[in-house]
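Engineer: dropping the sequence and predicted coords here.
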Amino acid sequence: MPPFCPRCGRPQASGMVCPSCWQRPTEIDGIRSPFRFDEVIRKAIHELKYRNLRAIAPRLAELLADYLDESPLPREVLVGVPLHPRRLRERGYNQSSLLAKELGKRIGLPVIEDCLIRVKQAQPQVKAVDVEERRRNVADAFVCRDERVKGKQIILIDDVCTSGATLESCAATIKSKGAASVWGLTLAMEIRN
């Protein structure tokens, strides 16, 4: 694996915090993704997310478990990034929750459900033009409803990290309820050249 920024997880030749992470304070402790969002992994995620191929979730979670074996993160509980209730009704399931549940089974960690909720529906992050639009898109989009995260080391699970804005917004919300740490773990990260 090439050197990467310890905060955002994007390739960084020096292996030090990248200039963009230095420029803005973050609540998330770091973001990790075992794959680039391209080719086979892109197809697999699209099948899970848009084609109702939920049967692939266990195998994808296995890939996340393998990654955590090689690159451990501080962890006590998993939390899936929530969908807005309207999108959840349309899709019928939350792919991030499926991944979190399957990963939890494999690594023996509990999943905290229905604690983090999405209260603002935004356009999909892939449609946002730039990082700033993505941040605005998810600002105040999440609420943490209770104290189950207090003092816990959380791994936040999502399918893809596009800019990190969604994970950052979730992390800020979770930390406002006293979480000890919040790391983002996604199957893939979009890397723009």
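Structural biologist: That came through, no problem. No experiment lies behind these values; they were computed from the predicted model shown.

Engineer: contacts for stretch 11-19, please.
Structural biologist: For stretch 11-19, contacts defined as CB atoms under 8 Å, 6 or more residues apart in numbering pick out 2, 3, 4, 5, 6, 7, 8, 10, 191. Where you see a C-beta, it was placed from the backbone N, CA and C, and this is true even at glycine.

Engineer: give the pairing partners of the helix or strand harbouring residue 154; include direction for each.
Structural biologist: Element membership of residue 154 [criterion: DSSP states H and E] is strand 153-161. With DSSP bridges as the test, strand 153-161 is paired with strand 77-80 (parallel), strand 181-189 (parallel).

Engineer: can I get those in TSV including mean neighbour count, mean pLDDT and distance to residue 141?
Structural biologist: TSV is the format used below for the strands paired with strand 153-161 (neighbours: other CB atoms under 10 Å; pLDDT from 0 to 100; distance: least, CB to CB, whole Å):
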stretch	mean neighbour count	mean pLDDT	distance to residue 141
strand 77-80	23	98	15
strand 181-189	24	97	15
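
Engineer: quick one: which of those is nearest residue 28?
Structural biologist: Nearest to residue 28 among these is strand 181-189 (5.6 Å), distances taken as CB to CB.

Engineer: now the residue lying farthest from the centre of the chain: how far from residue 145?
Structural biologist: What lies farthest from the middle of the chain is residue 14; by CA atoms, centre = their mean that is 24.3 Å. Residue 14 sits 40 Å away from residue 145, going by CB to CB, to the nearest Å.

Engineer: swap in residue 87?
Structural biologist: Taking CB to CB, one finds residue 87 at 19 Å from residue 145.
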